[in-house]
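> Here is a sequence with its predicted model. Questions after.
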2 protein chains.
Amino acid sequence: MEHLLDKPTQLAMIQPVTDAIYAINGKWKLPILICLSFEKMRFGQIANDIPNITDRMLSKELRELEANRLVKRTIFDSGPVKIEYSLTDHGRSLHDVIIALHNWGVEHRKVIFKH
Amino acid sequence: MEHLLDKPTQLAMIQPVTDAIYAINGKWKLPILICLSFEKMRFGQIANDIPNITDRMLSKELRELEANRLVKRTIFDSGPVKIEYSLTDHGRSLHDVIIALHNWGVEHRKVIFKH
DNA sequence: CCGCATCCTTATAGATACTG
DNA sequence: CAGTATCTATAAGGATGCGG
């Protein structure tokens, strides 16, 4: 990215990047998405996998992720009602972002903690 | 990422991703980093390139980016004092993250607006 | 022109209790 | 189990003005 792009192109990147950040912002959205990237899960399972998240936050974040079409909520009311959360195709398309964040996060930790 | 990783591996990813998110969180950090990825800049230039940012926020975010070693602040006091901000190597290493966010952001906009 | 300090408002997150 | 309601604490962001 160093001098590969001209200035207008560079500035034009800001909006999509901002859009992306807004869709995954907050403390819990990525953890939730990572959980769901493995398998579809029920509310309580997600809460178990993510330390310290409260029901209120999990509920709130799930609704926002649904509004942004990253997560799908499915109700099975055969017998006892059961609700499952899963990624949409669009949610799965975050894969590259998550990998990039993960790789950078590992390096970042080294930089911050080595001195 | 779909069923390629086992559960413990998946959960272990959460921390580095959270670290990364924290380093670039807030409304303005990515826009600032994108600006600086083109060239080193002075305070006022950055403020001009990023619509609506206030001096207070720019100042605050720059200090946080410096603390996280993403941005370097250089003072030239030859004659009139001049201050330049530039990316560190570590800041430049965010390139892949920014590209991934950008690519996904473009698709996200399509998904959201096509209804 | 560059940037910080103060004050103020809004947004986000947490604790706790409670419901169908 | 899968949440909601209420209330409080903290963080993020904005307006404005000052000083080098």
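In hand now; what should we look at?

> who's in contact with residue A:55?
By C-beta atoms under 8 Å, 6 or more residues apart in numbering or on different chains, residue A:55 lies in contact with residue A:47. Every C-beta, even on glycine, is put in place using the N, C-alpha and C of the backbone.

> Pull up the gap between it and DNA strand C, please.
According to C-beta to the nearest atom of the strand, to the nearest Å, residue A:55 and DNA strand C sit 5 Å apart.

> any idea how far residue B:90 is from that residue?
37 Å (C-beta to C-beta, to the nearest Å).

> tell me which residues in stretch A:67-77 are buried?
Applying a neighbour-count criterion of 16 or more other C-beta atoms under 10 Å in any protein chain shown, one finds A:68, A:70, A:71, A:72 buried in stretch A:67-77.

> Show the pLDDT at the closest residue in space to residue A:21 that isn't next to it in sequence.
Nearest-residue entry for residue A:21: residue B:30, 6.1 Å, with adjacent residues in sequence omitted and distances by C-beta to C-beta, 6 or more residues apart in numbering or on different chains. According to the predicted model, the pLDDT of residue B:30 comes to 95.

> from what I can see residue B:30 touches residue B:100, true?
No - with contact defined as C-beta atoms under 8 Å, residue B:30 does not reach residue B:100; the gap is 11.9 Å.

> and residue A:93, how many neighbours?
For residue A:93, the neighbour count with other C-beta atoms under 10 Å in any protein chain shown is 16.

> is any part of the helix or strand containing the residue nearest to residue A:21 close to DNA strand D?
For residue B:30, the host element (DSSP states H and E) is helix B:29-38. No - contact of helix B:29-38 with DNA strand D (C-beta under 7 Å from any atom of the strand) is absent, the minimum separation being 8.2 Å.

> And that helix, what does it pack against?
Under the contact criterion of 3 or more C-beta pairs under 8 Å, 6 or more residues apart in numbering or on different chains; DSSP states H and E, the helices and strands touching helix B:29-38 comprise helix A:7-23, helix B:43-49, helix B:55-67, strand B:71-76, strand B:82-87, helix B:89-92, helix B:95-113.
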